[in-house]
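J.: Sequence and computational prediction follow.
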Amino acid sequence: MRSSQSALDFFGGDFLSGHEDARPYVAFAGGADVGVVAVDTGDFRMVPTFGFAIIHQRNRLSAFGESATTSLEWEQIHVGMGLVLNGSVSLVPGVAIPVNLDGASPSFVLGADFGF
């Protein structure tokens, strides 16, 4: 049995809202995760997962009446272990590994899904 998930995410922020040195950013991410059931006991399943995403981020810096915009694009590899409980709750701890992004380091991620 195979499991797959695809996503298109949008996120952004303005960390200093209302401040004259505002640094808003906008990012889009698109990718997919695939997994294969390795253990199935009926009430519990373990699903190793592997995924890939492409992320595009645009940053804008405004200060002293001037503004500048920069863009970054990089790829990200996801590796995780899906834990499915009672067929309706799943937790997916994993690692997100940025590729082609200087100075970036892997980060821990935790996904959750509740099916009704």
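T.: Okay, I see it.
J.: C-alpha only now, for contacts and for neighbours.
T.: Noted.
J.: ok, Asp33 to Glu66 distance?
T.: To Glu66, Asp33 is 41 Å away according to Cα to Cα, to the nearest Å.
J.: go on, Val109?
T.: When Val109 is compared with Glu66 (using Cα to Cα), they lie 36 Å apart.
J.: Of those two, which one has the most company?
T.: Taking other Cα atoms under 10 Å, Val109 and Glu66 do not tie; Val109 has more neighbours (13 against 8).
J.: downstream neighbour of the helix or strand hosting Ala27 in the secondary structure list?
T.: Here Ala27, judged by DSSP states H and E, is contained in strand 24-36. Once the chain leaves strand 24-36, the next helix or strand it forms, by DSSP H and E, is strand 39-40.
J.: What is the burial count for Arg58?
T.: Quick note: Arg58 (other Cα under 10 Å) scores 15 neighbours.
J.: what's the answer for Val92, then?
T.: 20.
J.: wait, doesn't it sit right on Leu85?
T.: No: if you go by Cα atoms under 8 Å, Val92 and Leu85 don't touch, sitting 11.3 Å apart.
J.: And the strand holding Ala27, how far out from the chain middle?
T.: In this view, strand 24-36 has its centroid 5 Å away from the chain centroid, taken as Cα atoms, centre = their mean, to the nearest Å.
J.: Same question for stretch 62-82.
T.: The answer for stretch 62-82 is 12 Å, by Cα atoms, centre = their mean.
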